[in-house]
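*Asks:* model the following, please.
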Amino acid sequence: MRGKRVLVQGSDDAAAGTPTVGSGRLQAVIFDVDGTLADTERDGHRPAFNEAFDRHGIDLDWDVEHYGSLLRITGGHRRVAADLKDRGWDPDEADRVALEIHKTKTALFVERVNAGAFDPRPGLTEFVDGLVEAGIRIAVATTGRRDWAVPLVRHLIGDVVEVMITGDEVTRLKPDPEAYLLALQGLGLDASSAVALEDSAVGTAAAAGAGLATIVVTNGYTVGQDFSAAAMVLPGYDEGSADGTVQGDLGPLTAQRAIDLHAAWWRYH
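*Replies:* Next comes the predicted model:
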């Protein structure tokens, strides 16, 4: 049965100076959100951006392939601004218009979240329930905005998150490790006591920069990216290893497998 906890604030709590603790055993899992908890990029953020373009009279429509190429840029505002500049816009005007478009897009995306438009990735619910039952704490480190990330996370995995760091609490987006470092501070743990769950090379670089062992669950946009820094790469929570790096890995990701992977990783790092 899934436990009940409260989604806490991000950087204010994380920056409170809580001493970090390392025990050598897995005490927490820190999840990314977009693409990791649900496939929100292609059929969530992308159409919301396209509707925002239309509402602002911008002749732009991001198809699936082009949007995928833009995901190398973290942050929706930065993503829009970069694309407008590539299309010849004045840099200052591109930044100004991108900010307005992103505000509209966020409101549209929140509407989709509140309508329950997104489902957890297959196997995620079982994995989270197993973590709760094993007494493993859960945190989130995302560069997404708090106004949509909090309701989305609550919808997907319930009120089990102790610490949630969003793009509102950081000054440097992924691949910078700031979000993960703040999450660890909020938990009062050091990197040796936690595992990160990511879906992209950018996110994996951020987790690795914070010293975390990282499990990657790829999606259609990220499969084939460089995950050499990851401890394990899977095509999903309910599937086996995507790259054959885990011998005999044919089953779903479970809390016990995360515990075993964490222990094996720190034997060699």
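*Asks:* contacts and neighbour counts: CA atoms only from here.
*Replies:* Will do.
*Asks:* which is the next helix or strand following the helix ranked longest in the chain?
*Replies:* When the chain is parsed with DSSP state H, its longest helix is helix 91-114. Toward the C-terminus, helix 91-114 is succeeded by helix 124-133 as the next helix or strand (DSSP states H and E).
*Asks:* report the contact partners of Ala263.
*Replies:* Residues in contact with Ala263 (C-alpha atoms under 8 Å, 6 or more residues apart in numbering) are 24-26.
*Asks:* ok, now how distant is it from Ala229?
*Replies:* Using C-alpha to C-alpha, to the nearest Å, we find Ala263 at a distance of 16 Å from Ala229.
*Asks:* got the end-to-end distance for stretch 137-151?
*Replies:* Terminal residues of stretch 137-151 lie 19 Å apart, using C-alpha to C-alpha.
*Asks:* tell me which element Tyr180 is part of?
*Replies:* Tyr180 belongs to helix 178-187 when assigned by DSSP H and E.
*Asks:* quick one: mean pLDDT over that helix.
*Replies:* Taken as a whole, helix 178-187 has an average pLDDT of 98.
*Asks:* buried set for the very next helix or strand once past it?
*Replies:* Moving toward the C-terminus from helix 178-187, the next helix or strand (DSSP H and E) is strand 194-198. By 16 or more other C-alpha atoms under 10 Å, the buried positions in strand 194-198 come out as 194-198.
*Asks:* quick one: the strands in this structure?
*Replies:* Along the chain, counting by DSSP state E, strands occupy 28-31, 137-141, 163-165, 194-198, 213-217, 232-234.
*Asks:* which strands and helices lie in contact with the last one?
*Replies:* The reference is to strand 232-234. With contacts taken as 3 or more C-alpha pairs under 8 Å, 6 or more residues apart in numbering; DSSP states H and E, strand 232-234 sits against strand 213-217.
*Asks:* before we move on, the earlier item: would a markdown table of the strands of the chain with mean pLDDT be doable?
*Replies:* Shown next, in a markdown table, are the strands of the chain (pLDDT from 0 to 100):
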| stretch | mean pLDDT |
| --- | --- |
| strand 28-31 | 98 |
| strand 137-141 | 98 |
| strand 163-165 | 98 |
| strand 194-198 | 98 |
| strand 213-217 | 97 |
| strand 232-234 | 95 |
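*Asks:* so how far is the helix holding Tyr180 off the chain centroid?
*Replies:* Offset of helix 178-187 from its chain centre (C-alpha atoms, centre = their mean, to the nearest Å): 13 Å.
*Asks:* which strands or helices does it pack on?
*Replies:* Helices and strands touching helix 178-187, by 3+ C-alpha pairs under 8 Å, 6+ apart, are helix 11-14, strand 137-141, strand 163-165, helix 201-209.
*Asks:* apply 6 Å and report the result again.
*Replies:* Where contact means 3 or more C-alpha pairs under 6 Å, 6 or more residues apart in numbering; DSSP states H and E, helix 178-187 is packed against helix 11-14.
*Asks:* so for the helix it packs on, what's the average pLDDT?
*Replies:* Helix 11-14 comes out at a mean pLDDT of 47.
*Asks:* hang on, Thr218 packs against Asp199?
*Replies:* Yes. Thr218 is within contact range of Asp199, at 4.8 Å (criterion: C-alpha atoms under 6 Å).
*Asks:* looking at these two, which one has more neighbours?
*Replies:* Between Thr218 and Asp199, counting by other C-alpha atoms under 10 Å, Asp199 is the more crowded of the two (30 against 23).
*Asks:* picking up where we left off before, turn the strands of the chain into TSV, including distance to Tyr180.
*Replies:* Shown next, in TSV, are these (distance: least, C-alpha to C-alpha, whole Å):
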stretch	distance to Tyr180
strand 28-31	8
strand 137-141	6
strand 163-165	8
strand 194-198	8
strand 213-217	11
strand 232-234	18
